[in-house]
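Engineer: fold the stuff below for me.
(3 chains)
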Amino acid sequence: MDYFLELFLGGLTRGSIYALIALGYTMVYGIIKLINFAHGEIYMIGAFTGLIAASVLTMAGMNQLAVIVLASILAVFYSSAYGYTIEKIAYKPLRHAPRLSALISAIGMSLFLQNYVLLAQTSDFLPFPSLIPDFDFWEPYAHIITSQELVILITTAMVMILLTFLIKFSRIGKAMRATAQDRQMAMLVGVDVNRVISVTFIIGSATAALGGILIASHVGQINFYIGFIAGIKAFVAAVLGGIGSIPGAVLGSLVLGWTESFFTGYISSDYEDVFAFLFLVLILIFRPSGILGRTDTEKV
Amino acid sequence: MFLTFPIMVIRVNTIDKVIEWRWEKMVMVGLGTFLLSFPWRYLIKKKALGEKKEELGENSTVSATQRIFKEPKVYIPSLVALSVFVIIFPFIFSLYQTNIMVNALIYVMLGLGINIVVGMAGLLDLGYVAFYAVGAYTYALLNHHFGLGFWAVLPIGAGMGAIFGILLGFPVLRLRGDYLAIVTLGFGEIIRLILENWNAFSFGPSGIANIDPPGFFGIQLSLQGVTTYIYYLMIGLTLFTIFVVRRLQDSRLGRAWVALREDEIACQAMGIDKTRTKLTAFALGATWAGMGGVVFAAKTTFINPASFTIWESIIILCIVVLGGMGSIIGVVFGSLILILLPEYLRAFSEYRMLLFGAVLVVMMVFRPEGIISNVRRTYRFEEKP
Amino acid sequence: MVQQRLIRLVVFSVIGIFLSAGLGFAADTIKLGVAGPHSGDLASYGIPTVKAAELVVKAVNAKGGVLGKKVELLVEDDVCKPEVATNTATKMVSEKADVVLGHICSGATKAALGIYRNSKIIAMSPSATNPALTQSGDYPNFFRTIASDDAQARLEVDFALDTLKLKKIAVLHDKGDYGKGLAEFAKMFLEEDKRAEVVLYEGITPGAVDYSAIVQKIKRTGAEAVIFGGYHPEASKIVSQMRKKRMKTIFISDDGVKDDTFIKVAGKYAEGVYATGPKDVSDNPMAVAANEAHKKAYGADPGAFYLNAYSAALALLNAIEKAGSTDYDALIKALQTDYVDTPLGKIRFDKKGDATGVGFSVYQVQKGAYVEIK
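Structural biologist: Next comes the predicted model:
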């Protein structure tokens, strides 16, 4: 039973990380129907910024707790700024262009950011200090789930709850839902669509950055390329759960995390990705809009 | 726009238990973005104006490039000059150049193939590279186990491509737009991962080496000879592809694809069999990829799964979008630029991919239809004064 | 009118670009080609070889060159990708390289060797460890200044069984050509020798978000040690996860991990990790001199495979000198008969192309640095 529990928790952790990134994907898609390929890069930039900030602050001699908090805040801030800027440069001019062009623009942006970080920093893997210390009170359970994993889970849960509250009960949340449903109409009733889109990007980037710092703490190293792979997986997760739906993104991510974890644990780690993708295909065959997706009826 | 300023500050740090402050870089970048933002904003404004005009129906002139090509006085001699250039190419340029050109031509074929799926039928396929891999491995394995030669395997490779195309088509019939994209992406990855892990079948990551290049009536040729031979082969195949695609464009099938792309529901209402149309699109598109794969394996004589990643699919997609979706000349152009440019830009090797990414973004922002856009044959009814 | 002129301008400039790229320059020199990854994520494995070649060529030219001619470097990037490597090899051939130092990655080398063989050019690699490259006999034009993977695997297995006396071993790899090849040899040797049991044999996905599932699996099998085939990024991730989960499993790996970057990245978790690497030659006077030269010229310590590349460059140029020409058969004979002094010791090459006198030893991370275990 222990083994099952470990795999379960491992999958949960993985899923939480995917969820933090997938949230951004799904929100952006819901609003402007664009697959933001560059989103994975935001995650990576969040991790890098966190590393840089943490190093600078540690050198300046601040105590650990302050370092963690400040580094995270800075990382979130900068990633949001990046998200905002990317939207303005690469996506806004293409709002009326064919979807494929916006997609290619996103791909170009993703490439650009990857190489930008590569050139500005280094192609090597950089060690990332474990910002989250091992909690003493957790020691007896540490062999099942480490302190870092615990923090990741708690953070993701909190973010999800916060986000749901935001979307459901706040004014800006309402505006976001309206824009997602029908942009023209939202404009007509006075919603500042540009602002809403920018806010969406900012929130999405913020969660991704958070994910970046957490996973970097957990894994211990970062590299300019991590964004791409994590991005693809998170995108799969978002689609699995039904793209455009926030609970769907989280559900899809968790399902993906568990699938990978259990498959690796009980069968083989060789084919873990294959299985994840096959699973996706199967789900989509039987539920073409994802698990929680709304089947939009097309009016003729 | 000036928000980019703060970002540059942090990026100029390198850490390896040591921090370097590169203030000069920051100044450079700050200046650069500042200066760039002016022409950028100007161009965006112009573009917005252009869009407004189009909405008002004023913009009805066909683009310059199209007009040029319609003029028979320009068309015929340039075609002749191009043909001559193409034929004597291997003799005036070095082996290296020919080699690269062959590469570009393979991508032209791939681009035309994916053009059928994405450009004409509007089915976003992000896993196109899977068919490419299928073709390549078909040749490699058949050659390795049974010693079959290039010419024997070429049609087999095309056939295998078609079969896999249909296999991919079936599960995705009901999917739309972005879901389709993700599933095709998944397929591409599945094929690659299977090739990588199923050692007994595909030799896994070590790949298959010593694949025979195409023999010239049984004679083994030197490296120079083989490359030249493959070059002409590719020219022939490319012309063949262009010919077939052109015929398809004007056929019932081609028009059915365009209808599918424009509006699926109306298409169905008109009585076009959606299933058959979609499947044929996938199958035909995959056929060219299969053939391309066979040539690729024959040319590089060594293949392994690492050559068939998502990035390849993305590059092939970019070729089509950059060059102009649906237009054959655009695809040829796009492929030439996308493949030849990185080779010639080897001098800038470090900044190569960076520039590439930037170019993609800029191209899409300012010319979303691609370099040479496809002009559908329209009949305009004009009032005779 | 403007359009037509524009078109003509474009056409001419395109032709102009093609022509200028096509023309090379001819000079009477000995051309040493250097091929490997100089950009991309594996660049740190390829760039030290270029530096080694540069230093050797400088020194040799200062003494009057080879056979009275200056040596010229042709440096080309192959990003460690086989299909790019074939382009690179073709370029080398068309630019008339006399000998080639490269490539670095086994996959890329395999792709390029066919081309070099058909054009009768000798290639010597400082780092391609895939055994089949020399042992299959397919490539009589290939030589290398590093021992092959089966020797490494043999050493790892012998160490695990004889010195550490392990009974249950898990073998992992990164699904790559190098890692998987090594792991397969290790598994084969372990299965032949009945003293230990291979409790797990699996591949991990490089670049995955986390590895807790595979680490749990290792724990479940009760393995005393993990033999890992692959490179340092994955190795450090697995070791850290294992240690964080309070697992005391011994970790043994290959020369892709015996790199200082591994220690820096894994930090305190690297302590106690074993890795095989080229025999320690730090007391060889030529090695010391070569390292000093690098520090003086580039201001930093040399990177991966530097000494191997230095030795390879010396061996190649020496062979040309001894053979009296760049003739293919003469060069092969020279490489196989004459000993040449290099930072790796006195070496020459056997019939298959492997360097005699070059071996591996086991290292362990002790107090933050790799220490050779005698």
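Engineer: which helix or strand contains the residue in chain A positioned nearest to chain B?
Structural biologist: Among all residues of chain A, residue A:108 sits closest to chain B, at 2.7 Å; criterion: C-beta to the nearest C-beta. Quick note: C-beta positions are derived from backbone N, CA and C, even for glycine. Applying DSSP states H and E as the criterion places residue A:108 in helix A:99-120.
Engineer: show me what contacts residue 288?
Structural biologist: As the question left the chain open, I've gone with chain A. A:295, B:174, B:175, B:176, B:179 (C-beta atoms under 8 Å, 6 or more residues apart in numbering or on different chains).
Engineer: that was the other one, I meant chain B.
Structural biologist: Counting by C-beta under 8 Å, 6+ apart, residue B:288 has contacts B:109, B:110, B:112, B:113, B:116, B:158, B:161, B:241.
Engineer: mind checking the SS state of it?
Structural biologist: Secondary structure assignment for residue B:288 (DSSP: H, G, I helix; E, B strand; the rest coil): helix.
Engineer: buried subset of the contacts of residue A:288 as a PyMOL selection?
Structural biologist: One line in PyMOL is enough to select the buried ones among the contacts of residue A:288; burial here means 16 or more other C-beta atoms under 10 Å in any protein chain shown:
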select buried, chain B and resi 175+179
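Engineer: which ones among the contacts of residue A:288 lie within helices?
Structural biologist: The helices, defined by DSSP state H, take in residue B:179 from the contacts of residue A:288.
Engineer: got the contacts of residue A:288 as TSV, with distance to residue C:345 and pLDDT columns?
Structural biologist: Shown next, in TSV, are the contacts of residue A:288 (distance: C-beta to C-beta, whole Å; pLDDT from 0 to 100):
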residue	distance to residue C:345	pLDDT
A:295	72	57
B:174	67	76
B:175	63	76
B:176	66	71
B:179	61	75
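Engineer: any idea how far stretch C:33-40 is from the chain center?
Structural biologist: Centroid separation for stretch C:33-40 versus its chain: 11 Å, with C-alpha atoms, centre = their mean, to the nearest Å.
Engineer: what about that stretch, average pLDDT?
Structural biologist: The average pLDDT for stretch C:33-40 rounds to 81.
Engineer: contacts for that stretch?
Structural biologist: Contacts of stretch C:33-40 (C-beta under 8 Å, 6+ apart): A:123, B:349-350, B:352, C:43, C:45-47, C:49-50, C:53, C:73-80, C:85, C:88-89, C:92, C:95, C:97, C:99-105, C:108, C:112.
Engineer: please enumerate the helices of the chain.
Structural biologist: No chain was given, so I picked chain A. A:2-32, A:39-59, A:64-86, A:99-120, A:147-169, A:171-181, A:183-188, A:193-219, A:226-241, A:246-262, A:272-286.
Engineer: let's do chain C instead
Structural biologist: Applying DSSP H to chain C gives helices spanning C:2-22, C:43-62, C:82-94, C:106-118, C:132-135, C:149-158, C:177-192, C:212-221, C:232-244, C:260-266, C:285-298, C:306-323, C:328-337.
Engineer: what's the closest of these to residue B:249?
Structural biologist: helix C:2-22 (25.3 Å; C-beta to C-beta).
Engineer: tell me the mean pLDDT over the closest one?
Structural biologist: 50.
Engineer: residues contacting residue A:117?
Structural biologist: Contacts of residue A:117 by C-beta under 8 Å, 6+ apart are A:41, A:44, A:45, A:48, A:224, B:11.
Engineer: would you mind giving those residues as CSV with neighbour count added?
Structural biologist: Shown next, in CSV, are these (neighbours: other C-beta atoms under 10 Å in any protein chain shown):
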residue, neighbour count
A:41, 30
A:44, 28
A:45, 30
A:48, 31
A:224, 26
B:11, 20
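Engineer: could you dump the residues you listed to JSON lines with pLDDT?
Structural biologist: Output for the contacts of residue A:117, formatted as JSON lines (pLDDT from 0 to 100):
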{"residue": "A:41", "pLDDT": "85"}
{"residue": "A:44", "pLDDT": "84"}
{"residue": "A:45", "pLDDT": "82"}
{"residue": "A:48", "pLDDT": "80"}
{"residue": "A:224", "pLDDT": "74"}
{"residue": "B:11", "pLDDT": "51"}
